[in-house]
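[1] Pasting the sequence and the predicted coordinates here, then a few questions.
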Amino acid sequence: MQILQDKNIVLGITGGIAAYKTPELVRRLKDHGANIRVVMTQGAKAFITPLTLQAVSGNAVADSLLDTQAELAMGHIELAKWADLILIAPTTADVIAKISCGLANDLLSTLCLATAAPIAIAPAMNQQMWHAAPTQDNIKTLTRRGVAIWGPGAGEQACGDIGLGRMLDVDDLVELTCNFFSTTLKQSLKGQHWILTAGPTREAIDPVRYISNHSSGKMGYAIAKAAQSAGAKVTIISGPVTIEAPSNCTIIKVNSALEMHQQSLEQAASADVFIACAAVADYRVADISKQKIKKSSDTLQLNLIKNPDIVADIAAMTNKPFTVGFAAETQDMSQYALGKLQKKNLDMIAANDVAKTGQGFNSDNNALTIFNQRDGQVSKIEIPLASKQVVANQLVTIIADNL
Ligand code: PMT
C-alpha cells in the first residue's frame, strides 16, 4: 500500500514565484497515491496556469468562491469536508495574515475556515518579510492553533536577497506530507512512557552567578509535543527555560546537571524511550562559594569538575529504554556524532550543526542528521531545515519506526 493511498489533499497555491514548482509537487504526491484537488488564488494565476495544474492533478482547478458552475461540481463546503489535509504551497505573507485573522474573502481562505482537516503551510517570501514582526506574530498564532509550518528554507531568493524565505524543495514537502500521514495514521505510542531532557543546565558559581548556555528548550519541548500527540505519556526533565510547556506533559524542573542526572535515573526505570535533548553543562564548579564572590583581584580562577554523563548512564542501565542522544556540533558534525553514538552506547543520535545561522540553539528552526544503530549497522536519515515542530514530528516518527 502506498503511504498516501486514498488520502485527499487540497493543494492551495498562492501568488509567489515558487508556484512554478507546484506541478511537480502534484505529480510527486500523486505518485505516493494521493488524490489532489488544486485551489488557486488570483495571485497564483499570475505565475502558473490552472490548465497546467488541471492536467497534472487530473481534476478541475477551483479558483473562485462565487463560481456557480464550480459550486455545482464540488461546492466549497464539500471540498472542505473532502480534504484530509489542506496544504498551501507556496504560502505568501498575505495569505498567512489572512488565515491567521480568520478572513474568508476568497475560496482558499474560506476553505481554511470551513475545514476540520489539518492545515500545513509552506511559507515563501522575501527574507525581510518573513522576519517582519507581523508575519512572525501570525506564524506564532497559526502554530498555537496547530497549523503545521513547513519551512521556509534558507538560501538565495528570487529577489537576490539571501536568507530564510524560500519555499521548501518539492522533495522536502513530499517527505513532510508522507511523515504527516504516517504519524497521524499510527497514533501508535499509546501505553508508552517517553522521557526527555530539555533546555540548559545552570552550574552555580556563587549565590548570584552561574555557568550556562543558550539552549531555549524549544527543540526538546517540540519533541515532547509530538510524542504526546502520538499518544505517549511524556515526562520532560527541564532546565530553566522561559517557553510555555506543552500541555498534558509532566514537567520536572531542575537547575543543575546533578539534579537532572538524579531525576533522569529515577524516572528512566519506567521509560520506553529516553531522549537527551538538553544542553547539559559538561563541568560544574568544584567549590560553590557560599557568599557572593568579591572583585578583589584582576583574575579569578574557578576549579571545574566533570559532571556525570546523563545519557550514557541511562544507556548503561540493565533494562535501558530506547536511548536517543543529541550532538550539538560546530565542526565535523557526523564524525563527532558517530563517536558519541558509540562511546555513550546509544540507539540513535540526532546531530545538529549549531554553527549555522537560523538553526540550533534558541532558533525556531532546525535540521538534523540522524544516525540509527541497529544490529551493529548504522543508518543515516536527514531531516531538512524546517520549524522545530516539523523536525520533531519527523524525529518521533523515525524513533517510533525503530522501536
Ligand atoms: O533548546 P534549543 O534552543 O531548542 O536548542 C536545541 C539544542 C541545540 C540544545 C539541541 O538540539 C541539542 O543539540 N541538544 C544537545 C546539546 C548538547 O549538549 O550536545 P553535546 O554534544 O554536548 O552532548 C551530547 C549528548 O549527551 C546530548 O544528548 C546531551 O544531552 C548529553 N549529555 C551531555 C553531557 C552530560 N553531562 N550529560 C548528557 O546527557
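    Okay, I see it.
[2] what about the helices in the chain?
    Along the chain, counting by DSSP state H, helices occupy 22-31, 50-57, 68-74, 76-82, 93-101, 107-114, 127-131, 133-144, 170-186, 218-229, 257-268, 310-315, 333-343, 388-401.
[3] Break the chain down into its domains, please.
    Structurally, the chain divides into domains by automatic domain parsing as follows: 8-181, 187-402.
[4] picking that back up, deepest in the core, which of the helices of the chain is it.
    helix 218-229 (a mean of 26; mean count of other C-beta atoms under 10 Å). Any C-beta I mention is one placed from the backbone N, CA and C, and that applies to glycine too.
[5] does the ligand sit close to that one?
    Yes. Interface with the ligand: helix 218-229 contributes 218-220 (C-beta under 6 Å from any ligand atom).
[6] With mean pLDDT as added columns, please give the helices of the chain in a markdown table.
    A markdown table is the format used below for the helices of the chain (pLDDT from 0 to 100):
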| stretch | mean pLDDT |
| --- | --- |
| helix 22-31 | 94 |
| helix 50-57 | 98 |
| helix 68-74 | 71 |
| helix 76-82 | 92 |
| helix 93-101 | 98 |
| helix 107-114 | 96 |
| helix 127-131 | 95 |
| helix 133-144 | 94 |
| helix 170-186 | 79 |
| helix 218-229 | 92 |
| helix 257-268 | 97 |
| helix 310-315 | 98 |
| helix 333-343 | 97 |
| helix 388-401 | 85 |
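[7] leaving aside the residues next to it on the chain, what's closest to residue 117?
    Spatial nearest neighbour of residue 117, excluding adjacent residues (C-beta to C-beta, 6 or more residues apart in numbering): residue 83 at 4.3 Å.
[8] check contacts around that neighbour.
    8-10, 37, 111, 115, 117 (C-beta atoms under 8 Å, 6 or more residues apart in numbering).
[9] In contact with the closest residue to residue 164 other than its chain neighbours, which residues are there?
    Sequence neighbours aside, residue 154 is the residue nearest to residue 164 in space, at 4.9 Å (criterion: C-beta to C-beta, 6+ apart). For residue 154, the contacting residues are 162-166, 358, 385, by C-beta under 8 Å, 6+ apart.
[10] if you set the cut-off to 7 Å instead, what comes out?
    Going by C-beta atoms under 7 Å, 6 or more residues apart in numbering, residue 154 touches 163-164, 166, 358, 385.
[11] possible to save these as JSON lines with distance to the ligand and neighbour count?
    Output for the contacts of residue 154, formatted as JSON lines (distance: C-beta to the nearest ligand atom, whole Å; neighbours: other C-beta atoms under 10 Å):
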{"residue": "163", "distance to the ligand": "20", "neighbour count": "17"}
{"residue": "164", "distance to the ligand": "16", "neighbour count": "23"}
{"residue": "166", "distance to the ligand": "22", "neighbour count": "25"}
{"residue": "358", "distance to the ligand": "13", "neighbour count": "16"}
{"residue": "385", "distance to the ligand": "13", "neighbour count": "23"}
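[12] how about the residues of the chain near the ligand?
    Counting by C-beta under 6 Å from any ligand atom, the residues of the chain near the ligand are 197, 199, 215-220, 257, 276-280, 282, 307, 309-311, 325-328, 340, 352, 354, 360-362.
[13] out of the residues you listed, which are buried?
    If you count burial by 16 or more other C-beta atoms under 10 Å, the buried members of the residues of the chain next to the ligand come out as 197, 199, 215-220, 257, 276-280, 307, 309-311, 325-328, 340, 352, 354, 360-361.
[14] now the helices of the chain in CSV, with distance to residue 375?
    Converted to CSV, the helices of the chain look like this (distance: least, C-beta to C-beta, whole Å):
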stretch, distance to residue 375
helix 22-31, 31
helix 50-57, 42
helix 68-74, 50
helix 76-82, 44
helix 93-101, 45
helix 107-114, 46
helix 127-131, 43
helix 133-144, 38
helix 170-186, 23
helix 218-229, 25
helix 257-268, 23
helix 310-315, 17
helix 333-343, 14
helix 388-401, 15
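[15] re the thing from before, which one of the residues of helix 218-229 next to the ligand is nearest residue 106?
    Closest approach to residue 106 among the residues of helix 218-229 next to the ligand (C-beta to C-beta): residue 218, at 33.6 Å.
[16] which residues does the closest one contact?
    Counted by C-beta under 7 Å, 6+ apart, residue 218 has contacts 243, 364, 388.
[17] most remote residue from this protein's center?
    Relative to the centre of the chain, and counting by C-alpha atoms, centre = their mean, the farthest-placed residue is residue 296 at 47.7 Å.
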